[in-house]
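# Return atomic coordinates for the entry below.
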Amino acid sequence: LSLADYVVTEAGFAADLGAEKFFNIKCQSAGLHPKAAVLVVTVRALRHHGGAAKETLNTANPAAVKAGLPNMEKHIENLKVFGLHPVVCINAFPNDTPEEYELIHQCTAQYGVKAVVSEAFAKGGKGAASLAEAVVESIESNSEHFTPLYHWHLPIQEKIQKIATTIYGAVEVVYSVKAKANLKTIEKLGFGKLPVCMAKTQKSLSDDERKIGRPRDFMITVREFEFASGAGFIIPILGDVMRMPGLPSVPSSEHMDLSDEGVITGLF
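Residues are numbered from 1 along each chain as shown. You can find the predicted model right below:
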C-alpha cells in the first residue's frame, strides 16, 4: 500500500468464502479499508448454476445462463452488505456468445452495477484496460463505506449465524454433538473472541455442492471445529468438504518443456 497507487488482491472463491474472510478477518486484523471490489464471473459458471450438464458447459446456452444469474445476484448483494459497490468482470472465453454477455449486462444493470468483459487472457493488458478504467472510476467516485459483517467480540455462534444467514442465505445453523463439545473447549481456552474462518464447499452457497444456483430455505451443519491459535482464528467445518484438494495424478509439469532456443511449451 505504501509503494503503489492501487493494490489489487485476489480473495478467491467468490463473496461467500474468499471475500467474506478477507473482509471480516484480514481487513479487521490489519486495519484495511477496501475502496472497490471486483466480482469475476464466467459464462461457463453461470451455465453450470443454471443447470447445464457438465458435458455441455462449453456450449452456448443462453437459457442456462439466464437461469444461473441468481447466483451472481447473490454475490453482488453480498458485496453490498460490506458497503462496496462491485464492478463485475466477465472473464471471456472463446465459447461465450454476445447473447450470453447481454443477459449478464441486463442483470447487473438492475443492480446499478457495471459489467465489463475482460479479454486479458487473450490480449494481455490491453484486453483488461476497460476493466481497469471501470475499477478506477469506482474508486474515484468515493462512495464506498466499507463495513465488516461482524465484530470479533461477539459470541462464536452469533458470528457463524451472521455469516450463514446473511452471506450464504441459510435459514438455520445446526451443530453436531462433536461441534458442541469443540465449542466448549474453545471457550475454555479463551479463544471465543477470535474471528471465524468458515470451511465449506466452494461449489455452492450452501454446504452441499449439489445445491447450485441460489439455494433457499436450507440449513447448514457445523460438523466440527478446529482452531489456529497462532494465526488467530477459529475454523468451523461445514458439511462434507475436502479441505485440501488433491493434485492430479499426472502433474502439469509433465507436459512442460524448454527448447534449446529457450522457447517454453506446454504451459497451457
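# Mind checking the pLDDT average for stretch 160-171?
Taken as a whole, stretch 160-171 carries a mean pLDDT of 98.
# Send me it as PDB with only the CA atoms.
What follows is stretch 160-171 as a C-alpha-only set of coordinates in PDB (Å, rounded to 0.1, in the frame of the first residue of the first chain):
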ATOM      1  CA  ILE A 160     -21.400 -18.000  12.500                       C
ATOM      2  CA  GLN A 161     -25.100 -17.200  12.400                       C
ATOM      3  CA  LYS A 162     -24.400 -13.800  10.800                       C
ATOM      4  CA  ILE A 163     -22.300 -15.400   8.000                       C
ATOM      5  CA  ALA A 164     -24.600 -18.300   7.400                       C
ATOM      6  CA  THR A 165     -27.800 -16.300   7.200                       C
ATOM      7  CA  THR A 166     -26.600 -13.100   5.600                       C
ATOM      8  CA  ILE A 167     -23.900 -14.400   3.200                       C
ATOM      9  CA  TYR A 168     -24.900 -17.900   2.400                       C
ATOM     10  CA  GLY A 169     -28.700 -17.300   2.700                       C
ATOM     11  CA  ALA A 170     -29.300 -20.200   5.200                       C
ATOM     12  CA  VAL A 171     -32.300 -20.200   7.500                       C
END
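# What separation do you get for residue 6 and residue 140?
Going from residue 6 to residue 140 by Cβ to Cβ, to the nearest Å gives 11 Å. The way it works is simple: take the backbone N, C-alpha and C, and place the C-beta from them, glycine included.
# What is the neighbour count of residue 123?
Look at residue 123: counted by other Cβ atoms under 10 Å, it has 12 neighbours.
# Which helix or which strand is home to it?
According to DSSP states H and E, residue 123 maps onto helix 120-123.
# How about residue 227?
Going by DSSP H and E, residue 227 is part of strand 219-228.
# Residue 175: how many residues sit nearby?
Residues contacting residue 175 under the criterion other Cβ under 10 Å number 18.
# Run through the protein and note the low-pLDDT ranges.
For the chain, the stretches flagged by pLDDT under 70 are 245.
# any chance you could map the strands in it?
Assigned by DSSP state E, the chain shows strands spanning 38-41, 87-91, 115-118, 172-175, 219-228, 233-238, 257-258, 264-265.
# Which among those strands is found nearest to residue 136?
Each of these was scored for nearness to residue 136 using Cβ to Cβ, and the closest is strand 87-91 (9.9 Å).
# partner strands of the closest one, parallel or antiparallel?
Using DSSP bridges, strand 87-91 pairs in its sheet with strand 38-41 (parallel), strand 115-118 (parallel).
# Could you dump the ones you listed into TSV with distance to residue 16 and mean neighbour count added?
What follows is those, written out as TSV (distance: least, Cβ to Cβ, whole Å; neighbours: other Cβ atoms under 10 Å):
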stretch	distance to residue 16	mean neighbour count
strand 38-41	11	20
strand 115-118	20	20
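# Arrange those in TSV, one row each, with distance to residue 213 as further columns.
Converted to TSV, the strands paired with strand 87-91 look like this (distance: least, Cβ to Cβ, whole Å):
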stretch	distance to residue 213
strand 38-41	14
strand 115-118	19
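# The ones you listed: which one's closest to residue 88?
strand 115-118 (4.0 Å).
# which ones are touching residue 68?
Applying Cβ atoms under 8 Å, 6 or more residues apart in numbering, we find residue 68 in contact with 45, 46, 47, 48, 49, 50, 51, 212, 213.
# same thing but at 6 Å, please
By Cβ atoms under 6 Å, 6 or more residues apart in numbering, the contact set of residue 68 is 46, 49, 50.
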